[in-house]
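Asker: when you get a sec, could you give me coordinates for this:
(chains A and B)
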Number of protein chains: 2
Amino acid sequence: MIVALAGGVGGARLAYGLSKIKGEALAVIVNTGDDFEHLGLSICPDIDTMLYTLAGWANPETGWGVDGDSWSFMDQLGKLGGPIWFKLGDRDLAIHVQRSHWLRQGDRLGKITSRLAQAMGIASTVLPMSEDAVRTKLETDQGDLDFQDYFVRLQAKPLVRAIRFEGASSARPTPAAMEAFDAAKAIIICPSNPYLSIDPILSVPGYRECLQRRIIPCIAVSPIIGGAAVKGPAAKLMQELGAEVSCVGVAKKYAGLIDGLVIDGVDEGLADAILACGIKPLATKSLMRSLQDRIDLAQQTLDFALSLQR
Amino acid sequence: MIVALAGGVGGARLAYGLSKIKGEALAVIVNTGDDFEHLGLSICPDIDTMLYTLAGWANPETGWGVDGDSWSFMDQLGKLGGPIWFKLGDRDLAIHVQRSHWLRQGDRLGKITSRLAQAMGIASTVLPMSEDAVRTKLETDQGDLDFQDYFVRLQAKPLVRAIRFEGASSARPTPAAMEAFDAAKAIIICPSNPYLSIDPILSVPGYRECLQRRIIPCIAVSPIIGGAAVKGPAAKLMQELGAEVSCVGVAKKYAGLIDGLVIDGVDEGLADAILACGIKPLATKSLMRSLQDRIDLAQQTLDFALSLQR
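Answerer: Numbers count the residues shown, from 1 in each chain, chains lettered A, B, ... in the order given. Okay, the predicted model is just below:
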């Protein structure tokens, strides 16, 4: 069993590769700090991106949403005077409507996610980080913002001064996630935003401790390549928070929690700086353009992890 | 001011004609007995059909739903294992999602309907018959059925023994509907199903009394032409309930409530039987195929009503 921690697009790409290799022997614990209510619908952006990606349904251009989706609902919503800043595709809507309905009927998010994954033909286990609401809030130069306000409505333009995860301190990991850790031979931190996607998971009491007390290897894959984020606001955010915008910054962020860091070949010159953090680097082609790239990187990451047995 | 009572497709067609002639001086009171919750969405089939028809957005083939709608949401919902017996088009979904959201935020159905009508450019007033939940239930040979179970899922095939309107006795008319009656010069009962669309309205204490005590003319347009319903299960249902399946059956159903009944030319031979109910018949071309047919029938109905000033 392998446990992976992930957020949305970048993390899901590696998870896809891991899933193709490990199948049922992979459990992915997904950030729910971005979850929010919109138009009365319970939207879980990272879980959805993970499900769509693992099912092979994701839009390959954007990384989020459903491939080939259409926008009739949004168009009509606009005509009715509804809010159109958050784009909901016609196909994408199905998961939000069905999930919201099940949640209102009293089903838990973990059970719902598992039911959706099964319907989508996903062999691996997809787990929300918690059943309890954790909400990522950003303190910015434009005031305190909800995550989607910052990320979608304001296109991550505000300057971020601090990030907090409301509800995290009283949230609990899902029992299924803890069981997955117990059965795991290695832990992979996917190339997701360390501050916005992985930190929310680690902020739920239990996860950070699992990593700190681990007797199995834990490997991260850097989302920063050549000083830039492959996708999303990670680089801008790291700079605003005073972190080094490089895979060394990622190593420092994860110091004490990981045994190895997969970095891209272009960052090979930074290997010694990573070693200085007590973390073993593996330089390889880490940019995932094709589906095969995802599988290749996943295989290298798994081999690397198992070579670092503690 | 003219007040019209209506259900879905057939009623909405005449209301379209009335609306083109009267504009702001028309208030349509719409059946909400068919309303139901589906997938956590509050669906108001007759209000939606009325809004779509008055806005010119309705699907001309089916009479319900939005013209040119697509089915990506339904297709995806099926893939996720969701219920697909009730068809929700991608565009149509917008009104359900937006209304459900407003309702959960505490807005009332009347306010929401008015806001939607305004966004859709509808000059006439569309009013739900009540803010209180009234639910049409059918006692059938297959047991007690919710309206949509009977009408959509079982395609109106069960034999109906009786109809009841749950919640009606404690429901109240909307104040706006009562104000519309006070200002009205005539009342038009649209060619909707007398048992499934008009009876629910009349079952809410206040409406029947308004019609019984009227000092203005009230005219119905028969939904039965040549012994058959133009659309829907009206004819089958009237037979099952022991009523005469003809415009005379409609006249008997509305006896005491209306002063005149518009019937189709093919039923001219039944004029005397209608007169015998104390109701003045007007035989004309009452089948509405084109948009102009709706306006012509509306004009004749209005002229007929005003000629019957009490």
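
Asker: can you read off the pLDDT for A:T62?
Answerer: Confidence at A:T62, expressed as pLDDT, is 85.

Asker: could you check how far it is from A:G8?
Answerer: Using Cβ to Cβ, to the nearest Å, A:T62 is found at 11 Å from A:G8. Any C-beta I mention is one placed from the backbone N, CA and C, and that applies to glycine too.

Asker: with A:T113 instead?
Answerer: 15 Å.

Asker: lowest average confidence, helix or strand, in chain A?
Answerer: Of all helical and strand segments in chain A, the minimum by mean pLDDT, DSSP states H and E falls on strand A:228-229, at a mean of 90.

Asker: just after it, pick out the following helix or strand.
Answerer: Next helix or strand after strand A:228-229 toward the C-terminus (DSSP states H and E): helix A:234-240.

Asker: mind listing what's buried along that next one?
Answerer: A:234-238, A:240 (16 or more other Cβ atoms under 10 Å in any protein chain shown).

Asker: quick check: A:T125 vs chain B, distance?
Answerer: 18 Å (Cβ to the nearest Cβ, to the nearest Å).

Asker: ok, A:M238 next?
Answerer: Taking Cβ to the nearest Cβ, one finds A:M238 at 36 Å from chain B.

Asker: skipping its backbone neighbours, what lies nearest that residue in space?
Answerer: Distance criterion Cβ to Cβ, 6 or more residues apart in numbering or on different chains; nearest residue to A:M238, sequence neighbours excluded, is A:V245 at 4.9 Å.

Asker: hang on, isn't that neighbour packed against A:G226?
Answerer: No - at 10.1 Å, A:V245 does not count as touching A:G226 under the criterion of Cβ atoms under 8 Å.

Asker: quick revisit: who are the packing partners of the least confident helix or strand of chain A?
Answerer: helix A:234-240 (3 or more Cβ pairs under 8 Å, 6 or more residues apart in numbering or on different chains; DSSP states H and E).

Asker: how far off centre is the helix it packs on?
Answerer: Distance of helix A:234-240 from the chain centroid (Cα atoms, centre = their mean, to the nearest Å) equals 17 Å.

Asker: can you name the element that comes right after it?
Answerer: By DSSP H and E, the next helix or strand past helix A:234-240 is helix A:247-254.

Asker: CA atoms of the next helix or strand after that following helix as PDB?
Answerer: On the C-terminal side of helix A:247-254, the closest following helix or strand by DSSP H and E is strand A:260-264. Extracted in PDB, the C-alpha atoms of strand A:260-264 (Å, rounded to 0.1, in the frame of the first residue of the first chain):
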ATOM      1  CA  GLY A 260      13.700  12.400  -0.300                       C
ATOM      2  CA  LEU A 261      12.700  15.100  -2.900                       C
ATOM      3  CA  VAL A 262      12.200  14.500  -6.500                       C
ATOM      4  CA  ILE A 263      13.300  17.500  -8.500                       C
ATOM      5  CA  ASP A 264      13.600  18.300 -12.200                       C
END
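
Asker: chain center to strand A:260-264, what's the gap?
Answerer: Counting by Cα atoms, centre = their mean, strand A:260-264 comes out at 17 Å from the chain centroid.

Asker: neighbours of A:L80, how many?
Answerer: Residues near A:L80, counting by other Cβ atoms under 10 Å in any protein chain shown, number 18.

Asker: name the nearest residue to it, ignoring sequence neighbours.
Answerer: B:A119 (5.0 Å).

Asker: so the one you found makes contact with A:L77?
Answerer: No - between B:A119 and A:L77 there is no contact under Cβ under 8 Å: 10.2 Å.

Asker: more crowded one of those two?
Answerer: A:L77 (21 against 17).

Asker: tell me the secondary structure at the more buried one.
Answerer: helix (DSSP: H, G, I helix; E, B strand; the rest coil).

Asker: per-residue pLDDT, it?
Answerer: So A:L77 comes in at 98 (pLDDT).

Asker: could you do A:S72 as well?
Answerer: Taking A:S72 on its own, its pLDDT is 98.

Asker: so what's it closest to, chain neighbours aside?
Answerer: Using Cβ to Cβ, 6+ apart and skipping residues adjacent in sequence, the residue nearest A:S72 is B:D90, 3.9 Å away.

Asker: surely that neighbour touches B:S72?
Answerer: Yes - contact status for B:D90 versus B:S72: in contact at 5.5 Å, counting by Cβ under 8 Å.

Asker: what is in contact with these two at once?
Answerer: Common neighbours of B:D90 and B:S72, counting by Cβ atoms under 8 Å, 6 or more residues apart in numbering or on different chains, are A:70, A:72, A:90.

Asker: contact residues of the stretch 51-200 of chain A facing chain B?
Answerer: A:66, A:69-70, A:72-77, A:79-82, A:89-95, A:97-98, A:100-101, A:104, A:115-116, A:119-120 (Cβ under 8 Å from any Cβ of the partner chain).
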